[in-house]
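> I'd like to go over a predicted model; first the sequence, then the structure.
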Amino acid sequence: LGCSRSLFVRTAAAIGRSREPSKCLSPTLVDFLVGRERCSPKSASRRLFSSKDSSSSSSSSTSDMPPSILEDYEIIKDIPLEDVRSFGFIAHIDHGKSSLSSRILELTGNLGRPAQQLALAAAVTDDGTVIPSENDESNNEQTPTISTGKEKVNKEQIDALDTLDVEKQRGITVKASAASMLYPHPSAKGKTGYLLLNMYDTPGHVDFGREVTRSLCFIQGAVLLLDATQGIQAQTWSVYDKVMALKPKEPKLLIALTKVDLEAARPIHCAVTVSEWLQDWEGDPDSILNTSARSRIGIKALLDSVCDQVPPPESMDNGNVKGDILRAQVVDSWYDDRGVNCLVRVVSGQLTESDRVSIVHPGQEEGTRSGDSYSVQEVGIVTPKPLRTKVLYPGQMGYTRFGLRDPRQAMPGTVVLWTKQVGMDMPIPQLPSDAVSKSVLYASVHPEEADGFEDLFNAVERLALNDTGLEVQRTSAQGDGGEGGGPFLGPGLRVGFQGLLHVEVFRQRLSDEFGIEAIVTPPKVKYRVTLSPGKGSNLKDEITKTIEDLSEWPDSGTKSTIEEPIVLVRVVARVEDAGGVMDLISRKRGTELETKPLDEEQWVFTAKMPWAEVVIDFHDQLKNVTAGFGSMDTFEAGYAKGNLSKVDIMLNGDAVDPLAFVCHKDVAQREARVVCKKLQEVLPRQQFVTVIQAKAGSKVIASERIQAYRKDVLTKSGKTVGGGDMTRKKKLLEKQKKGKKRMQHTGKVQLSQAAFNSVITRSS
């Protein structure tokens, strides 16, 4: 029919996954179309990278394998700016970004030669299947042997860019990662015949959306991945909108389907749905690529599309400055045992070891003092492991160390200049305003040990360097209420987060990376309070303020209006789960509910909801009512008046400010009873009675008691004290009662993380 063999192969594979493949194609015809060839990894590399250009063929003839950046990094100094491609993967959570990134690193040799040989052989067969020849040494090697530096492990590495312990334990990406690699391609204009690829792997969860926004500012191409078994999900729309929001300088958008080798995959159906629902996308459904990281399908085709369609970085004008200019933009920063490390993107000039450089903030370079200069100690590229190269050229991305002591000086978006150029009239690269993280939740963080506050403060400050979504502020060291923690927690830190998962990841990273066990109080959102003049008030005019600490909540007798933050929630769920989803939105005080069919199996639900109702446990309950198939995304939608009530939790008559929460007045008593009951279960039993009370205004609306440990004072050495004398027994019991009453006023209840979790899960 005039179609290419690769198209026949993909068509046969798609039809073979249909429900009734026998009615589509006969097995004989399928085998003919697939026509797998027997080839060895070495022959695969020769076939894949054989070039008609004599300049490139002479270098490739000396070796069966193409150069790898691990062994031939000196090639990058001869690669011009027009041969640089910077791209990243964006997608909904668990749609295969990290796995596909690892396969690309495998194909380009960044994970070692054995892994590259297997990837090259899989690329030749079009469908990802490796059939080694009988004489090939790798015939008995089904899985490549990856070198870890200490020992060789016979295990595939499909999470090469997930470097944090929390990422490996949870199986999700929480931090954008990057890597550079070499790739031979006909589009290369330089004498080497190779392209330098800078690849970014971004998170998929909604709580880490700022990482995606920031990464999109440093790349010229974005590959939107969709799970071929799920299609469009809530975060798919979100990351797509982030790309479109960067117009007119948005990255080139490519779309690819992942997991096409699964039996439940519907690549054609997903491609049609994408073309119908993703507005402003000018691509053709036929241009959507089919990939599978597990089976190594379409890896090389995807990489070739990136090389062909993604433009190189644009050069920046020097302004009125003559000669070479160094401008290196900080992409990310992290802290290790050697100090502060910066991942930079060189816009112009060369960053070389021993250079004297200064760090400036865009728009503030005139105020930078000449004395704030540093000597560059080490420079290299990321593969994703650091590889020292001593110099970085325009378009390249790599790490650098120059003896920074204050982690806050190297925040993303800052620019590294030669010290002698500070104050010169020249353009400075800047990040868009929406790339700066804005916290949506606030919580206080306290050490479990009373003397561990300084260690906690230093650890959180270093963690904030790597996690730009955090906002850290030191609270009262005396702990006299508010975020300070009062008599129960002591001094602490006020920290801003992007979501509830962000809070959990933050606490786990403190434990994994710094060995600090911290207590994080229930997160709170910002409320807008308008105070009006009235009786007993000294106000003459209305005052509107935003409060984050509930200790500033107006008293019940104060004339005030409370407004709560509202978000637009978009939910994608199956048709059979529509009833449960709409009921959940209704229970969470959702309004303006709209439903639209996404396809014959999924619906899209949109509604406006209070942000406080969403952040508590809406995502977890959504997963429960949809059996794990539902997904959600949120957008800011301003403020709205609410009939709200602040509920204070009291232990033995003392208010515990970190346990206070805000809810709708209609459910205040019910949620207060739940919190008191859960606190009764998690608080440790003491030598005195612990009285747990929930108070709304001046009224106690719920109460529980934890009975005290009671010593048998009437028995001593196995004998009853006083014999049959009741007067002696009553005297001992009365003395014990007075002692426990005295302890109730002076004793301290130890609060644990479980106590604060009871407030977070109060509506479950």
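Yep, that arrived.

> how about the strands in the stretch 651-764 of the chain?
Here the stretch 651-764 of the chain has its strands, by DSSP state E, counting those that start in this stretch, at 654-655, 661-664, 690-696, 699-706, 715-716, 719-720.

> can you name every helix or strand that the longest one contacts?
Read it as strand 699-706. helix 668-682, strand 690-696 (3 or more Cβ pairs under 8 Å, 6 or more residues apart in numbering; DSSP states H and E). From N, CA and C alone the C-beta is placed, and that goes for glycine too.

> got the buried residues for the last one?
Which is strand 690-696. Residues of strand 690-696 classed as buried: 690, 692, 693, 694, 695, 696 (neighbour count, 16 or more other Cβ atoms under 10 Å).

> tell me which of these is nearest to residue 662?
Of all the buried residues of strand 690-696, residue 696 has the smallest distance to residue 662: 10.4 Å, by Cβ to Cβ.

> thinking the closest one is in contact with residue 670, fair?
No. With contact defined as Cβ atoms under 8 Å, residue 696 does not reach residue 670; the gap is 11.8 Å.

> name the nearest residue to residue 416, ignoring sequence neighbours.
Leaving aside its sequence neighbours, residue 416 sits nearest to residue 328 (Cβ to Cβ, 6 or more residues apart in numbering; 4.1 Å).

> show me where pLDDT drops low in the stretch 301-450 of the chain?
The model of the stretch 301-450 of the chain has pLDDT under 70 over residues 363-371, 406-408, 433-439, 450.

> give me the phi and psi for residue 243.
Listed backbone geometry of residue 243 is phi -70, psi -50, with angles given as degrees, to the nearest 10.

> let me know the pLDDT of it.
In the predicted model, residue 243 carries a pLDDT score of 85.

> on that earlier part again, and the residue nearest to residue 416, how far is that from residue 87?
When distances are taken as Cβ to Cβ, to the nearest Å, residue 328 and residue 87 turn out to be 20 Å apart.

> residue 339 now?
Noted for residue 339: a distance of 30 Å to residue 87, by Cβ to Cβ.

> more neighbours, the two?
With other Cβ atoms under 10 Å as the criterion, residue 339 and residue 87 differ in neighbour count, and residue 87 comes out ahead with 23 against 13.

> shaky segments in the stretch 51-200 of the chain?
For the stretch 51-200 of the chain (pLDDT under 70), the answer is 51-64, 124-163.

> so who does the residue positioned nearest the centre of the chain touch?
With distances taken as Cα atoms, centre = their mean, residue 174 lies nearest the centre of the chain, 3.0 Å away. In this structure, residue 174 makes contact with 164, 166, 167, 203, 205, 208, 211, 505, judged by Cβ atoms under 8 Å, 6 or more residues apart in numbering.

> same thing but at 7 Å, please
For residue 174, the set of contacting residues under the criterion of Cβ atoms under 7 Å, 6 or more residues apart in numbering consists of 164, 166, 167, 203, 208, 505.

> out of these, which sit inside helices?
Among the contacts of residue 174, the residues falling in helices (DSSP state H) are 166, 167, 505.

> tell me, how many residues neighbour the last one?
Right, residue 505. 25.

> does it touch residue 165 like I think?
No. With contact defined as Cβ atoms under 7 Å, residue 505 does not reach residue 165; the gap is 10.7 Å.

> could you check how far residue 727 is from residue 735?
For residue 727, the distance to residue 735 - Cβ to Cβ - is 13 Å.

> for the strand ranked longest in the chain, packing partners?
Ranked by number of residues, the top strand in the chain under DSSP state E is strand 560-574. If contacts are counted by 3 or more Cβ pairs under 7 Å, 6 or more residues apart in numbering; DSSP states H and E, strand 560-574 sits against helix 234-244, strand 527-531, strand 602-610, helix 611-625, strand 631-641.

> tell me how far it is from the chain's mean position?
Mean-position distance between strand 560-574 and its chain equals 22 Å (Cα atoms, centre = their mean, to the nearest Å).

> need the mean per-residue confidence for it.
Taken as a whole, strand 560-574 carries a mean pLDDT of 89.

> show me what the residue nearest to residue 398 when sequence neighbours are not counted is bridged to.
Closest residue in space to residue 398, ignoring its immediate chain neighbours: residue 381 at 4.2 Å, by Cβ to Cβ, 6+ apart. Taking DSSP bridges as the rule, residue 381 bridges to residue 387, residue 398.

> what about residue 381, neighbour count?
By the criterion of other Cβ under 10 Å, residue 381 has 24 neighbours.

> next: residue 244.
Here the count is done by other Cβ under 10 Å, and residue 244 has 13 residues near it.

> can we start the residue count at 31 from this point?
Fine by me, first position is 31 from now on; the one you just mentioned is residue 274.
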